[in-house]
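Engineer: the following comprises the amino acid sequence and a computationally predicted model.
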Amino acid sequence: MERSVSAKETEWDRFWKKEKEGDVKDVILNDRYYRLLKRLVGICKDRLNILEVGCGSGIRTLALVKDLERQCLNAVLVDLSPAALSIAKRNACKNQVKADFVLADGLRLPFQKKFDIVWNEGVNEHFEGERRQKIFEEMSLVCKGGGIVIVIVPNALNLPYRIAKKLLETSGRWIYLIGKEE
C-alpha cells in the first residue's frame, strides 16, 4: 500500500539515496538504539501492529520484526521521501522481512487503523512549534488506547553532539533540515 505525496526531490531524498543497505542481524546484536527500542516495545505483551513514522532506512523496525517475529503481526513503515522508502524496501527484501511501505507525510498520517506501537527516531527534532506538536498528535491519533508512542531524539545537551553539530553547520555540511521540505 502506497500513497503518493510530491514528486519533487527533497534534501531527504538526496540524503537517503546515499544510504547503503543494512543487516538486521548486525542491528540486533550491536545497535544501542535498537536495544532501547526493543526494551520499550517489551512493555507490550500482545501481538503487535507497529508503525514507524519517518522510517528512513527502516532497519530498526525490520530488525524488531525479525527478532520478535512470533509477536509481530504487522509493520508499516512511513516516510515522505521516496528514496527512504526505496532503501527500506531493499532492506526488507535483503533481510527477508515482510512489511508495508507508505509514502506519506507524518503531519498527515493516512490511517484509520490503530497501531499498538507508533514510533520514530531522529524525526521530531527537525520540527519546531506547532509542526512539532502536530507530529506528536498524529502519532497519538493512530495509536490504540493502551498502545505506546515512542519518540527517540538525540540529546542536544550532549557536548560531543553539540560540538560536531556546530562544526558541521559552520562548514555547511549539516544535512538535517528543521521542519521544512523544499
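Structural biologist: Received the coordinates, thanks. Numbers count the residues shown, from 1 in each chain.
Engineer: show me where the chain dips below the pLDDT cut-off.
Structural biologist: Within the chain, the stretches falling below the threshold (pLDDT under 70) are 1-9, 43, 45, 175-182.
Engineer: mind checking how far the residue sitting nearest the centre point of it is from residue 30?
Structural biologist: In the chain, the C-alpha nearest the mean C-alpha coordinate belongs to residue 55, at 2.8 Å (Cα atoms, centre = their mean). Residue 55 sits at a distance of 20 Å from residue 30 (criterion: Cβ to Cβ, to the nearest Å). C-beta coordinates here come from the backbone N, C-alpha and C atoms, glycine included.
Engineer: now residue 38
Structural biologist: In this view, residue 38 and residue 30 are 13 Å apart by Cβ to Cβ.
Engineer: rewinding a little: ok, now which ones touch the residue nearest to the residue nearest to the centre of the chain when sequence neighbours are not counted?
Structural biologist: With Cβ to Cβ, 6 or more residues apart in numbering as the criterion, residue 55 has its nearest non-adjacent residue at 3.8 Å, and that residue is residue 77. Residue 77 sits next to 52, 55, 58, 61, 62, 85, 88, 99, 100, 101, 102 when contact means Cβ atoms under 8 Å, 6 or more residues apart in numbering.
Engineer: run the last query once more with 10 Å
Structural biologist: Contacts for residue 77 were tallied using Cβ atoms under 10 Å, 6 or more residues apart in numbering; they are 50-58, 61-62, 65, 84-85, 88-89, 91-92, 99-102.
Engineer: out of the residues you listed, which are inside strands?
Structural biologist: The subset of the contacts of residue 77 located in strands under the criterion DSSP state E comprises 50, 51, 52, 53, 100, 101, 102.
Engineer: and those, which are buried?
Structural biologist: 50, 51, 52, 53, 101, 102 (16 or more other Cβ atoms under 10 Å).
Engineer: contacts for stretch 150-158 next, please.
Structural biologist: Counting by Cβ under 10 Å, 6+ apart, stretch 150-158 makes contact with 33, 36-37, 40-41, 43, 50, 52-53, 60, 117-126, 135-136, 139, 143, 161-162, 164-165, 176, all of which sit outside it.
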